[in-house]
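Visitor: Got a predicted structure here, sequence first:
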Number of protein chains: 2
Amino acid sequence: MAVTDEAIEKIKGMIVSGALRPGDRLPKESELAAELGLSRNSLREAVRALSLIRILDVRQGDGTYVTSLDPQLLLEALSFVVDFHRDDTVLEFLAVRRILEPAATAMAAARISEQQLDALANQLDKLGTDPSVEELVACDLEFHRGIVQSSGNSVLCSLLDGLSGPTTRARIWRGLTQEDAVSRTLHEHRAILAALRDRDAEAARSWATVHIASVEQWLRSTL
Amino acid sequence: MAVTDEAIEKIKGMIVSGALRPGDRLPKESELAAELGLSRNSLREAVRALSLIRILDVRQGDGTYVTSLDPQLLLEALSFVVDFHRDDTVLEFLAVRRILEPAATAMAAARISEQQLDALANQLDKLGTDPSVEELVACDLEFHRGIVQSSGNSVLCSLLDGLSGPTTRARIWRGLTQEDAVSRTLHEHRAILAALRDRDAEAARSWATVHIASVEQWLRSTL
DNA sequence: CGATTCAAGACGTCCGATGTCTCAGCCACA
DNA sequence: TGTGGCTGAGACATCGGACGTCTTGAATCG
């Protein structure tokens, strides 16, 4: 195994074993390199790789630190990876989202606060009845994120956040070509919100499923 | 932005835009470095980072290539990230798995082949009635992977593979020395298999839910 | 014709120097 | 005495070049 890969594994080991804890500062590059038995250049490659996936946080002039290791942070790297997928796998991503999002929405029905509900309602109202496609999609993302956050599961939340990337493009595309997509989306959002207000998990789940399935169906018929 | 980060973005751009396609070979390091306007050292950091998350495949003595970019490959990096999570978030990962795995199992009920079913049955038989914990864990992983693969959604499959990474699972099982856990697991596996054979998606889903929920419950009571 | 050898090409690793940024401590000023 | 700027030490950023190791394929020899 290459020394750089070894270094990656060793640093990983130090973190997993607890020798390095979230927020801890690593020894300076030259010291750590000596400690691990490789050159500073090679060590830097390892550090850079771990920083790309948000394990390490490198601050020039200061030092290198272990990040908080929050699921949110680590899964953020997921969206970077997801960006590489081509359109022919969008359907598979959407299918996964169709599983997760309704479940998250149902979970939120039991936990979402009144303030959160009001905030969501406000957000929908602010959009008006004839928004631009870009506005609608941005609002859509925000709306769903707000709900999923209320599911109380940060892993679920981050995962959905990452998966939503590629489908965003598809939704924009759809909004541009399908006439009634905008009004239908608005209607579905209000239905989801109403179900959440009623604390009706099953209704919330169903509306969320319908919401995603309609995008999926359109996409399938288009490809 | 640092030159290395710039290089990462540029290489990403070349791939996303289609200038570099899966399997393509990159210019040699010195040339690419000159092309992107940085030193070979800095470029190598970028390449190393992209190779950690399986975007690039570096072969010493040969050259650097774009990987197939299969969802399977890219999400493989997920397990690397998941390894960093501490025990207090295991429950959240498990909750996500509890959503995905039953859905995948239900999907498999409609698509799984007879050969696949026989293979799964064989695998369970081979384990005997009193396996070691290590054998059981390995078999458990294999069993679920086999089913999820039959769901026909490679994104879903890779995601579950990453989430139920060896570390997570191992940690759960290590403490799981409950006597009846082994036999109960075996029983549940057989029930899932029977439901699949019957093409009974709902039964398969329910058994999968029960299967995961029992682990979840045990874990919750232990932490 | 096949096996072996060898050389070119490409990545792997290291070194040392210099640039740039951050932070903390010192000092002058009000 | 408090505040603000200045400055120097420390740490990361980047570079260029040298040398090692590995892969591959062509040339060579039996």
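Guide: Received the coordinates, thanks. Residues are numbered from 1 along each chain as shown, chains lettered A, B, ... in the order given.
Visitor: Every contact and neighbour count from this point should use C-alpha atoms.
Guide: Will do.
Visitor: contacting residues around stretch A:23-36?
Guide: Contact partners of stretch A:23-36, identified using Cα atoms under 8 Å, 6 or more residues apart in numbering or on different chains, comprise A:7, A:10, A:20, A:39-40, A:43-44, A:63-68.
Visitor: What average pLDDT does it get?
Guide: When pLDDT is averaged over stretch A:23-36, the result is 96.
Visitor: gap between the two ends of it?
Guide: 21 Å (Cα to Cα, to the nearest Å).
Visitor: Could you confirm whether that stretch reaches DNA strand D?
Guide: Yes - shown here: stretch A:23-36 in contact with DNA strand D (Cα under 7 Å from any atom of the strand) through A:26-30.
Visitor: Is DNA strand C within reach of that stretch?
Guide: No - for stretch A:23-36, no contact with DNA strand C is found by Cα under 7 Å from any atom of the strand; the gap never falls below 8.1 Å.
Visitor: Residues of chain A that sit close to DNA strand D?
Guide: A:26-30, A:41, A:44, A:58-64.
Visitor: what's the farthest-apart pair in those?
Guide: Spanning the widest gap among the residues of chain A next to DNA strand D are A:Asn41 and A:Asp62, at 18.2 Å by Cα to Cα.
Visitor: Give the burial count for A:Ala19, as a bare number.
Guide: A count of nearby residues for A:Ala19, using other Cα atoms under 10 Å in any protein chain shown, gives 10.
Visitor: got a pLDDT number for it?
Guide: 95.
Visitor: how near is the residue sitting nearest the centre point of chain A to chain B?
Guide: Centroid-nearest residue in chain A: A:Asp161, 2.0 Å away (criterion: Cα atoms, centre = their mean). Noted for A:Asp161: a distance of 14 Å to chain B, by Cα to the nearest Cα, to the nearest Å.
Visitor: For burial, what's the neighbour tally of the closest residue in space to that residue that isn't next to it in sequence?
Guide: Leaving aside its sequence neighbours, A:Asp161 sits nearest to A:Arg145 (Cα to Cα, 6 or more residues apart in numbering or on different chains; 7.2 Å). A:Arg145 has 18 neighbours, counted by other Cα under 10 Å.
Visitor: A:Leu36 too?
Guide: 16.
Visitor: next one: the one 5 residues further on
Guide: Counted with other Cα under 10 Å, the burial measure for A:Asn41 works out to 17 neighbours.
Visitor: for A:Gly23, same thing?
Guide: 14.
Visitor: A:Gly152 now?
Guide: 16.
Visitor: I'd like the secondary structure assignment at it, please.
Guide: coil (DSSP: H, G, I helix; E, B strand; the rest coil).
Visitor: Poorly predicted segments of chain A, please.
Guide: A:166-177, A:223 (pLDDT under 70).
Visitor: For chain B, what's its nearest residue on it.
Guide: For chain A, the residue closest to chain B is A:Ala49, as judged by Cα to the nearest Cα, at 3.9 Å.
Visitor: Confirm that residue sits in a helix?
Guide: Yes - with three-state DSSP as the criterion, A:Ala49 is part of a helix.
Visitor: just checking, it touches B:Leu50?
Guide: Yes - with contact defined as Cα atoms under 8 Å, A:Ala49 reaches B:Leu50; the gap is 7.4 Å.
Visitor: and A:His85, how many neighbours?
Guide: A:His85 has 18 nearby residues by other Cα under 10 Å.
Visitor: now swap in A:Gln123 and tell me
Guide: A:Gln123, neighbours per other Cα under 10 Å, totals 15.
Visitor: Helix, strand, or coil at it?
Guide: Assignment for A:Gln123 (three-state DSSP): helix.
Visitor: Quick one: name the residues of chain A near DNA strand C.
Guide: So chain A meets DNA strand C at A:1-4, A:37-42, A:59-62 (Cα under 7 Å from any atom of the strand).
Visitor: Filter these down to the buried ones, PyMOL style.
Guide: Applied in PyMOL, the following selects the buried portion of the residues of chain A next to DNA strand C according to 16 or more other Cα atoms under 10 Å in any protein chain shown:
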select buried, chain A and resi 4+38+39+40+41+42
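Visitor: With secondary structure added, can I get the residues of chain A next to DNA strand C in JSON lines?
Guide: JSON lines is the format used below for those (three-state DSSP):
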{"residue": "A:Met1", "secondary structure": "coil"}
{"residue": "A:Ala2", "secondary structure": "coil"}
{"residue": "A:Val3", "secondary structure": "helix"}
{"residue": "A:Thr4", "secondary structure": "helix"}
{"residue": "A:Gly37", "secondary structure": "coil"}
{"residue": "A:Leu38", "secondary structure": "coil"}
{"residue": "A:Ser39", "secondary structure": "coil"}
{"residue": "A:Arg40", "secondary structure": "helix"}
{"residue": "A:Asn41", "secondary structure": "helix"}
{"residue": "A:Ser42", "secondary structure": "helix"}
{"residue": "A:Arg59", "secondary structure": "strand"}
{"residue": "A:Gln60", "secondary structure": "coil"}
{"residue": "A:Gly61", "secondary structure": "coil"}
{"residue": "A:Asp62", "secondary structure": "coil"}
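Visitor: For stretch A:28-46, measure first residue to last.
Guide: OK, stretch A:28-46 end separation, Cα to Cα: 14 Å.
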